[in-house]
Structure formats: C-alpha cells, structure tokens
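Asks: Below are the sequence and a predicted model; questions follow.
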Amino acid sequence: MNKYNYLNLGCGQTFHESWTNVDFYSSHPAVIQCNLINGIPFEDSRFDVVYHSHVLEHFSKEDGEKFIKECYRVLRSNGIIRVAIPDLEQIVTHYLKAMNDSLNNIKNAEDNYDWMMLELYDQTIRNHSGGEMAKYLFQENILNEEFVYKRIGIEGKNIRKEYLKNKSNKIPTSSYVISEKSFVQAIRQFVKYFISKLFHSSKDYPVDIKQNIEIGKFRKSGEIHQWMYDRFSLRRLLEKNGFRNIEVKSAHESAIADWKTFNLEITDSEIRKPDSLFIEAIK
Ligand SMILES: C[S@@+](CC[C@H](N)C(=O)[O-])C[C@H]1O[C@@H](n2cnc3c(N)ncnc32)[C@H](O)[C@@H]1O
C-alpha cells in the first residue's frame, strides 16, 4: 500500500515511490505498465490526487477528452487534479517574437526562430525518435544554447551533456516501447492490407509497407504530440468534464499536501520543464 493515495499517469522516469505510478513502459517496480488510451485501470473515486505531466498532449483531441473523463472518474470528490503541459500560448508568443526579430535582423533571432519551429511542429510530425529536435541538440555548437535551455530546462541540458560525453546520437532518457498488443494490431493491419490487395487489382500508388508499419509503430508509441493546449482550452476541457476551481499554478505552488517533498517538477532547485503550463482543479 502506498503512503499517498496519489496517482501519477504517464510518469516516465519521473515518479515518487510513495505514489501509484503508471506508464506505457516500466523499468521500475514502482511503475505499473499500462496503455492509458484504454482507460485508467482503477476503480471510481480511488485517488485523492491525479497528476500528469506532459502526457495529455500525446493523445488526440478526442482521446485527450476521454482521458480527462477517466481522471475525473478515478478521483474522489473534492480530490485534486494537477496537469502540466507544454504551453501553446508561450510557444506561440516566442515564435512570433523570434519571427519579428528575425525580420529585423536581430542577432541570434533566427536560431530562436528555428528552435520554436521545432517546438511547434517537429514534436508532432516526426517519424522517428528525437526527430529534428535531437539533431538540433546534438549539433557541435548551439548558438542560442541559453535560450534553448530556458525553454526545455535541465532535461535538455542533460541530454546534450550526455551526448557530448558519449558522442552518441541516442537520447538517454527515451523510454518509448511498443506494446505487445499494438504489435498484434500491426500484424492484423498487415494481413488486412494483403487481403485488400487480393480484391483491388487497380494500379495502387507504390507503398513501402514495412516502412509504413515502422512509422505507424513509432507514431503510436507515445512520443509524438497529437494536440496542444493553453490556459483557455485546458480550462474549458476541465470545466466541460466536471472540474471546478480551476487555477493556473507555478511549479512551486500546489494545493496538493506535501507537494514540495516529491520534487516532481523541480530538479536541483530548477524547474524541470520550464515550457509548461501548470493547472490544478477540484472534482
Ligand atoms: C514527455 S513524457 C513525460 C514523462 C513524465 N510525466 C515527465 O513529466 O517527465 C510522456 C510520457 O507519457 C507516456 N505515455 C504516452 N502515451 C501513453 C499511453 N497511451 N499510455 C501510457 N503512457 C503513455 C510516455 O511513455 C512517456 O513516459
């Protein structure tokens, strides 16, 4: 039995052992392996707190709403939900500034512009782990290094530090795997495709089915962003699904008892994901 009746969904490598932790992938006994697209595997009103950080954007808009409904279901009455998410408002604001500065030939603005395009698009459209963002972080010299670290914080710094140490193009914290279930689904799709080929003799466009399956597997693995939120759309989503007292917080403040002791959003006194919007609400 955990000391706290708190739930961390899509925890990745950032979890507290006294909580209940869930992710697609588990490399620690304190993390339960589960695909949250199929729902949250707990009974109604089970938890005092439901928390997820940089997870909601990995679901489509439709699945994101189902996920929020599930959060509501497993939270007890008056329980707290805390959501951390890349902040679309911040991204767009930085993008516009970088674009205007670039047009005005302000020093380094073009690098900031390129980085903001990666935040906007690469995280959504990439077909392989790390995408263009990893390439950017693994350059010999990053001209706007300070700006990039202000955006992605200590995690980005560590990825680059590790790369420079090993000169390896692997992202050290990557934890994306494909579940057995989705592998079986992929095989089914593959068989369906060949059956459909038997009945469609028309000149189809040429496809590299193996490559497409690889891309599909990657895009279903939980790494890519499928939707984005800001303080308006996240509030609307929470409100629509029954939550009340919706408040924007900082990484340091929370109504969750003992929040600061868990260090989920602060590492070495720094905000772990400074590009975040943090919102809390009550069931
Ligand atoms: C960007 S990481 C965030 C990890 C952690 N919460 C944090 O703040 O660092 C997104 C996490 O969501 C998990 N995830 C994405 N889709 C998922 C799904 N359908 N079911 C369970 N976990 C999922 C991924 O495995 C990954 O660990």
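Replies: The structure has been received and is ready for your questions.
Asks: contacts and neighbour counts: CA atoms only from here.
Replies: Will do.
Asks: For the stretch 101-250 of the chain, which segments count as strands?
Replies: 244-249 (DSSP state E, counting those that start in this stretch).
Asks: what about it, any weak spots by pLDDT?
Replies: By pLDDT under 70, the low-scoring segments of the stretch 101-250 of the chain are 168-206.
Asks: Residue of it closest to the ligand, please.
Replies: Here the stretch 101-250 of the chain gets closest to the ligand at one residue, Gly222, 3.7 Å apart by CA to the nearest ligand atom.
Asks: To what extent is the nearest residue to that residue once chain neighbours are set aside buried, counted in neighbours?
Replies: On the basis of CA to CA, 6 or more residues apart in numbering, the spatially nearest residue to Gly222 that is not a chain neighbour turns out to be His58, at 6.1 Å. When neighbours are defined as other CA atoms under 10 Å, His58 has 23 of them.
Asks: And His58, how far from Leu7?
Replies: Distance check for His58 against Leu7: by CA to CA, to the nearest Å, it reads 18 Å.
Asks: same thing with Ile224?
Replies: Going from Ile224 to Leu7 by CA to CA gives 23 Å.
Asks: Report the separation between the residue of the stretch 101-250 of the chain closest to the ligand and Asp101.
Replies: Taking CA to CA, one finds Gly222 at 34 Å from Asp101.
Asks: the more surrounded of these two?
Replies: Between Gly222 and Asp101, Gly222 has the larger neighbour count (other CA under 10 Å), namely 23 against 17.
Asks: Test my guess that that one contacts Leu56.
Replies: No: when contacts are counted by CA atoms under 8 Å, Gly222 is not listed as touching Leu56 (10.4 Å).
Asks: Skipping its backbone neighbours, what lies nearest the closest residue to the ligand within the stretch 51-200 of the chain in space?
Replies: For the stretch 51-200 of the chain and the ligand, the shortest gap (CA to the nearest ligand atom) falls at Ser53, measuring 4.2 Å. Distances taken as CA to CA, 6+ apart place Ala84 nearest to Ser53, at 4.4 Å, with adjacent residues excluded.
Asks: The helix or strand in which the one you found is found to strand 244-249, inter-axis angle?
Replies: Using DSSP states H and E, the element containing Ala84 is strand 75-86. Per axes from the mean of the first three to the mean of the last three CA atoms, to 10 degrees, the angle that strand 75-86 makes with strand 244-249 is 30 degrees.
Asks: Give the other helices and strands that strand 75-86 contacts.
Replies: Packed against strand 75-86 by the contact rule (3 or more CA pairs under 8 Å, 6 or more residues apart in numbering; DSSP states H and E) you find strand 47-53, strand 276-282.
Asks: Could you pull up the mean pLDDT of that strand?
Replies: The average pLDDT within strand 75-86 is 98.
Asks: buried set for stretch 136-145?
Replies: Tyr136, Leu137, Phe138 (16 or more other CA atoms under 10 Å).
Asks: how about the residues of the stretch 1-150 of the chain near the ligand?
Replies: By CA under 6 Å from any ligand atom, the residues of the stretch 1-150 of the chain that approach the ligand are 10-12, 14, 23-25, 34-37, 52-55, 58.
Asks: Just among those residues, which is most surrounded?
Replies: Counting neighbours by other CA under 10 Å, Gly10 comes out on top of those with 27 neighbours.
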